[in-house]
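Visitor: Sequence plus the predicted model coming up.
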Amino acid sequence: MPNPTLEASPLGDIEFWARPEDEREEFFRFLRDEHPVSFHPEPQVENFPRGPGYWAVVRHADVVHVSRHPELFCSGRGGSNIGDVPQEMAEYLGSIINMDDPRHRQLRNLVSHGFTPRELERLVDDVKRRAREVVDAVAPLGACDAVADIAAPLPLQIICDMVGVPPSMEQTVFEASNVILGFGDPEYVTGVHDLMGAFHTLHGLATELGQHRLREPTDDLTSVLMHAEVDGQRLTLGEFASFFILLVVAGNETTRTAISHGLWALHTHPDQKRLWMERYDELAQNAIEEIVRWATPVIHFRRTATRDTEIAGQPIAEGEKVVMWYNSANRDERAFDDPYRFDLTRFPNPHVAFGGGGPHFCLGANLARREMRVMFEELFRRLPDLEITEPPVMLRSGFIHGIKRMPCRFTPSAPERD
Ligand code: HEM
């Protein structure tokens with residue numbers, strides 16, 4: 001790659017995201033060092049007018065600042081993705097992630113108790129059982145796809161269970177999530193119509209489930225949302241469906257991506273794998289945080305300035321867009337010693353892969369951590385010699401740092417099922 005320049009910013013070019021990791025890192029390092037807050041053109045999206053451009057925030061401290069000042073940088077003016085959509089549409093597509101307080105807080109509070117560490121403790125046996133079943137299904141084979149067969153099923157099944165999606169519909173959720181978060185990759189999305197089709201499918205599923213729970217309540221999150229009242233009013237079916245879609249999509253794809261990157265990083269850093277296998281419990285907490293930092297499954301989110309302000313001395317005008325590049329913040333030399341080293345003992349590890357703090361901080365962070373911890377433990381115990389046999393096939397996306405496929409092999413063994 002020629003020397004990077006701001007004028008030739010590649011961020012809006014989907015081809016940039018298909019280039020080798022080193023080249024992309026070089027560009028973000030250049031921005032961090034020389035242009036910590038810089039203006040970039042927006043990507044062109046089919047059927048949408050090109051937006052006016054945005055400020056890219058690439059240093060850790062600035063991402064944290066933007067995240068923690070929702071009064072200056074809001075989510076409810078055209079959404080939290082780079083392209084603007086009418087606010088009503090943004091709420092249809094993204095629910096609370098595209099809202100501001102007080103509405104954001106009211107809706108988030110309806111389900112947040114289900115994601116507290118104490119509440120998640122109740123799920124642990126279930127997570128363990130499902131992790132065992134995932135490994136049971138592949139153990140006799142000796143080889144499989146580490147993404148589809150190992151990383152994907154656990155987070156998908158757990159979130160589907162939490163919201164009450166029956167197992168027969170899990171594959172539908174999986175495929176629709178791939179489309180919704182795979183925008184930009186021609187394998188999943190050929191145009192905006194595919195995207196809208198996937199939303200439509202999940203909306204239909206949500207509506208059916210929601211109506212059912214209204215008649216026959218259970219203890220799943222769908223029931224909670226359908227029966228809850230905010231300011232004396234129930235959510236409309238449309239509001240519920242949007243929230244449901246956010247939960248199922250955010251709850252499966254990101255954690256799948258983190259587990260997949262973890263498997264690849266452990267394969268390419270065998271010393272780290274050995275260390276963790278020898279001292280699993282002792283290192284698990286730090287190791288999970290390092291895998292999530294290393295992976296940074298969500299590459300960016302956007303905010304909109306609510307008034308004239310500044311970031312690191314750069315004036316930002318009211319209404320301008322600000323994009324937080326989590327991938328860059330998580331490699332910021334100002335926040336991490338030797339940020340390009342994969343170090344499972346890293347501590348402290350103030351990564352921003354779950355967001356930089358503030359009201360939108362990932363609702364499912366504790367769930368994701370728990371799922372990862374259980375899954376790696378099960379894999380180390382049952383498939384200790386698992387190795388990746390070909391480099392990962394990456395998702396073509398500037399939004400999700402996804403891995404689509406990654407073949408692996410291991411010594412076959414019998415399932416442990418009773
Ligand atoms: C390793 C896995 C995960 C990563 C890296 C991740 C990352 C993120 C990020 C970056 C945000 C935005 C934070 C912000 O704007 O400040 C977010 C929000 C969110 N995440 Fe996650 N996430 C993960 C797993 C999950 C899981 C398992 C769920 C389960 C439902 C989930 C549900 C959500 C929801 C509902 C929001 C919106 C919160 C709000 O707007 O108040 N995430 N996540």
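Guide: Here it is on my side, so go on.

Visitor: Which residue does the stretch 51-200 of the chain have closest to the ligand?
Guide: The shortest separation between the stretch 51-200 of the chain and the ligand is 3.9 Å, found at Ile97 (distances taken as Cβ to the nearest ligand atom). Any C-beta I mention is one placed from the backbone N, CA and C, and that applies to glycine too.

Visitor: Let me see the contact set for the nearest residue to that residue once chain neighbours are set aside.
Guide: By the measure of Cβ to Cβ, 6 or more residues apart in numbering, the closest residue to Ile97 outside its immediate chain neighbours is Ser80, 5.5 Å from it. Applying Cβ atoms under 8 Å, 6 or more residues apart in numbering to Ser80 gives the contacts 90, 94, 97-98, 301-303, 360.

Visitor: which bits of the chain sit near the ligand?
Guide: Contact residues (Cβ under 6 Å from any ligand atom) of the chain with the ligand: 67, 96-97, 108, 159, 246-247, 250-251, 254-255, 258, 292, 297-298, 301, 353-355, 358, 360-364, 367-368.

Visitor: could you flag which of those are buried?
Guide: In the residues of the chain next to the ligand, burial by neighbour count holds for 67, 96-97, 108, 159, 246-247, 250-251, 254-255, 258, 292, 297-298, 301, 353-355, 358, 360, 362-364, 367-368, counting by 16 or more other Cβ atoms under 10 Å.

Visitor: Of those residues, which belong to strands?
Guide: Using DSSP state E to define strands, the subset of these located there is Phe301.

Visitor: Tell me which residues of stretch 373-391 come out buried.
Guide: Those buried within stretch 373-391 under the rule 16+ other Cβ under 10 Å are 373-380, 382-383, 386, 388.

Visitor: Correction: the previous question concerned stretch 234-246.
Guide: Along stretch 234-246, the positions that meet the burial threshold by neighbour count (16+ other Cβ under 10 Å) are 235, 237, 239-246.

Visitor: Quickly check these for the two that are furthest apart.
Guide: Taking every pair in the buried residues of stretch 234-246 and measuring Cβ to Cβ, the maximum separation is 15.2 Å, between Leu237 and Leu246.

Visitor: contacting residues around the residue nearest the centre of the chain?
Guide: For the chain, the residue lying nearest the average C-alpha position, counting by Cα atoms, centre = their mean, turns out to be Thr254 (3.4 Å). Taking Cβ under 8 Å, 6+ apart as the definition of contact, the neighbours of Thr254 are 155, 297-298, 364, 368, 400.

Visitor: Repeat that for Arg105.
Guide: For Arg105, the contacting residues are Pro359, by Cβ under 8 Å, 6+ apart.

Visitor: Tell me which helix or strand it sits in.
Guide: Using DSSP states H and E, Arg105 sits in helix 103-112.

Visitor: just checking, next helix/strand downstream of that helix?
Guide: Downstream of helix 103-112, the first helix or strand assigned by DSSP H and E is helix 117-121.

Visitor: Would you pull up how far that next one lies from the middle of the chain?
Guide: 21 Å (Cα atoms, centre = their mean, to the nearest Å).

Visitor: avg pLDDT for it?
Guide: Helix 117-121 shows an average pLDDT of 88 in the prediction.

Visitor: what's the distance between Pro49 and the ligand?
Guide: Applying Cβ to the nearest ligand atom, to the nearest Å, one obtains 25 Å for the distance of Pro49 from the ligand.

Visitor: Number of residues surrounding that residue?
Guide: Around Pro49 there are 10 other residues, counting by other Cβ atoms under 10 Å.

Visitor: where does it fall, helix, sheet strand or coil?
Guide: Of the three states, Pro49 takes coil under DSSP: H, G, I helix; E, B strand; the rest coil.

Visitor: Just the pLDDT at it, thanks.
Guide: Pro49 is given a pLDDT of 80.

Visitor: who touches it in this structure?
Guide: When contacts are counted by Cβ under 8 Å, 6+ apart, Pro49 touches no other residue.

Visitor: could you redo the last one with a cut-off of 10 Å?
Guide: 42, 83-84 (Cβ atoms under 10 Å, 6 or more residues apart in numbering).

Visitor: Same question for Glu216.
Guide: Contact analysis of Glu216 by Cβ under 10 Å, 6+ apart lists Ser223.

Visitor: Skipping its backbone neighbours, what lies nearest Glu289 in space?
Guide: The shortest distance from Glu289 to any residue that is not its chain neighbour, by Cβ to Cβ, 6+ apart, is 4.5 Å, and that residue is Asn349.

Visitor: now swap in Ala365 and tell me
Guide: Ranked by Cβ to Cβ, 6+ apart and with sequence neighbours excluded, the top spatial neighbour of Ala365 is Phe354, at 4.3 Å.

Visitor: any idea how far His269 is from Leu227?
Guide: For the record, residue 227 is His, not Leu. Here the distance between His227 and His269 works out to 48 Å (Cβ to Cβ, to the nearest Å).

Visitor: between the two, which one's more packed in?
Guide: In this view His227 and His269 are compared by other Cβ under 10 Å, and His269 has more residues nearby, 17 against 13.

Visitor: who touches the residue of the stretch 301-418 of the chain found nearest the ligand in this structure?
Guide: Distances from the stretch 301-418 of the chain to the ligand, computed as Cβ to the nearest ligand atom, single out Gly364 as the nearest residue at 2.0 Å. If a contact means Cβ under 10 Å, 6+ apart, then Gly364 has 114-115, 120, 155, 158-159, 162, 247, 250-252, 254-255, 354, 370-371 as its contacts.

Visitor: re the thing from before, what residues does the residue of the stretch 51-200 of the chain closest to the ligand make contact with?
Guide: 75-76, 79-81, 90-91, 104, 108, 242-243, 246, 250, 301, 360, 362-363.
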